[in-house]
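Peer 1: Generate coordinates for the sequence data below:
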Amino acid sequence: MILRLLAVLGLVGPFASAAVPPLPYARAEWVVPPAVVVPHEPGRVFIGPGTTVLPDGDILMLAPWGSAPASFEELRGTYPPPRFYRSRDHGRAWNRGERIPLEWKLTGTINNGGMSFLRLRDGRLALVGHRYVPDNKGGGLPFITFSSDQGATWTPAQLVGREVAADDPWYIMNDRLVQLRSGRLLVPVAHAVKDSGPEGDLAESGCFYSDDAGATWRLSMLVRPMGARRGMAEPCAAELPDGRILLLARSGTGHLVAAFSADVGATWSEPRNTTLLSPCTSLTLKTLPDGRFIVFYNHVKEDGPGSLFPRCPLVYAVSSDGEHWGAPVIVDDEGWDPVQPTRENIYPSVCFLDEGILVFWSSHFSTSGKARRSAEQNLIGGGKRGVLRYPRP
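Peer 2: Residues are numbered from 1 along each chain as shown. From the prediction side, this is the model:
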């Protein structure tokens, strides 16, 4: 009993480290407490949502569904486009709607990745997503589509970066698309390093970028930390007050890693560890309405070098400059256990409301990667949502 308590405090056992704050951390304050509002299904689980607020106040959510971690053999089927979910009461209740009316003439499917909505300065709603491509390590060039009527209709899906990159393994997760003050669009992406093994084994990161509102794209320099077991994967980007661009990503170094661009996202500094403790797990980076930055991630010591686990608790941290981060604040620690958490709380999508921050994330039963989930275990958890109070300055 004493050893278990010490493990919870981060003083002994597999999570022991003088650098790890004890659990529980400070806890988030809620306007609307977390709850599962989209149940998983036996064959496919809810993951990678994107959310956006429409001018009339409705909130749209779209998720590719899939499996995490993925067994690519089970994803070879042809999946229909995902369904929208809509909230008319500021994120409290959600109704399942029609499938996105998207003309899809691309190889691969919308599956097992992430969705990113962004309201562009020209008024259009942009949607970027991951493409699952069989026999391509699970990835391909991202797709993009646009709506000029608040999501009622969409342009045919097109590939991002087709002018400058081969359609080999690329990966993008949710809430990634960014428009800079200059108008430039950034799509942060990871690319599988050649001959590096299966997806997630070793990646390099950068951005596709467009200066003509998404009509054509160029590719930035790709980077990864020297010696990192998993490289640099699933990056997010944000524009800093001094005009530099922050690229923040998972890595397998035991921390989130950061690189910076002084030329609007074309080249990057050498990636280095941040103070944000994390296994090689998901993250979501956003710019708060007051100009600060908030990152959602799993603040916990990895259970082995380069590990993808644990994925609990889900926390947030805040920064005023993108370099120095505050202490983690717990968003979801359901299933926390110092030896083997029973939940993965991952891939949140974030949008900003007058009353707080709507956060929508995936909660799964966890085997810590030691076994595939059964159909029964797939039904545990679901798509969770809550509305956070804004962090105090």
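Peer 1: Output stretch 28-39 as CSV, nothing but the C-alphas.
Peer 2: Taking C-alpha atoms only, stretch 28-39 is exported to CSV below (Å, rounded to 0.1, in the frame of the first residue of the first chain):
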residue,chain,number,x,y,z
ALA,A,28,-9.5,22.2,-14.5
GLU,A,29,-12.5,24.3,-13.6
TRP,A,30,-15.6,23.4,-15.6
VAL,A,31,-18.6,25.3,-17.0
VAL,A,32,-20.0,22.0,-18.4
PRO,A,33,-18.4,18.9,-16.7
PRO,A,34,-17.0,16.1,-19.0
ALA,A,35,-19.3,13.4,-20.2
VAL,A,36,-19.4,10.8,-23.0
VAL,A,37,-21.8,12.1,-25.7
VAL,A,38,-20.7,9.9,-28.6
PRO,A,39,-20.4,6.2,-27.8
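Peer 1: residue ranges for the helices of this protein, please.
Peer 2: 2-8, 375-378 (DSSP state H).
Peer 1: Those: lowest mean pLDDT?
Peer 2: With a mean of 35, helix 2-8 has the lowest mean pLDDT of the helices of the chain.
Peer 1: any weak-confidence spans in the protein?
Peer 2: Along the chain, the parts satisfying pLDDT under 70 run over 1-23, 67-78, 199-200.
Peer 1: again, 80 this time
Peer 2: Along the chain, segments meeting pLDDT under 80 span 1-24, 42-43, 66-79, 198-200.
Peer 1: Which residue is the nearest non-sequential neighbour of residue 116?
Peer 2: Counting by CB to CB, 6 or more residues apart in numbering, residue 116 lies nearest to residue 177, which is 4.0 Å off, once chain neighbours are set aside. C-beta here means a position set from N, CA and C on the backbone, and glycine is covered the same way.
Peer 1: And residue 314, by the same measure?
Peer 2: residue 345 (3.8 Å).
Peer 1: Quick one: residues contacting the closest residue to residue 36 other than its chain neighbours.
Peer 2: In this structure, residue 36 finds its nearest non-sequential neighbour in residue 382, 4.0 Å apart by CB to CB, 6+ apart. The neighbourhood of residue 382, defined by CB atoms under 8 Å, 6 or more residues apart in numbering, consists of 36-40, 46, 362-363.
Peer 1: repeat for residue 228
Peer 2: 251-253, 257, 271.
Peer 1: 7 Å instead, please
Peer 2: 251-253 (CB atoms under 7 Å, 6 or more residues apart in numbering).
Peer 1: go on, residue 182?
Peer 2: Contacts of residue 182 by CB under 7 Å, 6+ apart are residue 264.
Peer 1: From residue 188, how far off is it?
Peer 2: From residue 182 over to residue 188 the distance is 17 Å, taken as CB to CB, to the nearest Å.
Peer 1: picking up where we left off before, so what's the residue nearest to residue 314 up against?
Peer 2: Residue 345 neighbours (CB under 7 Å, 6+ apart): 311-314, 332, 334, 361, 363.
Peer 1: The same query, at a cut-off of 10 Å, please.
Peer 2: 34, 281-282, 296, 298, 310-315, 330-336, 361-364, 366, 381, 384 (CB atoms under 10 Å, 6 or more residues apart in numbering).
Peer 1: now residue 375
Peer 2: Shown in contact with residue 375 (CB under 10 Å, 6+ apart): 41-43.
Peer 1: What's the local residue count around residue 34?
Peer 2: 20 (other CB atoms under 10 Å).
Peer 1: Quick check, it in contact with residue 28.
Peer 2: Yes: applying CB atoms under 10 Å as the test, residue 34 and residue 28 come out as touching, 9.0 Å apart.
Peer 1: What's the separation between residue 118 and residue 169?
Peer 2: Distance from residue 118 to residue 169, by CB to CB: 24 Å.
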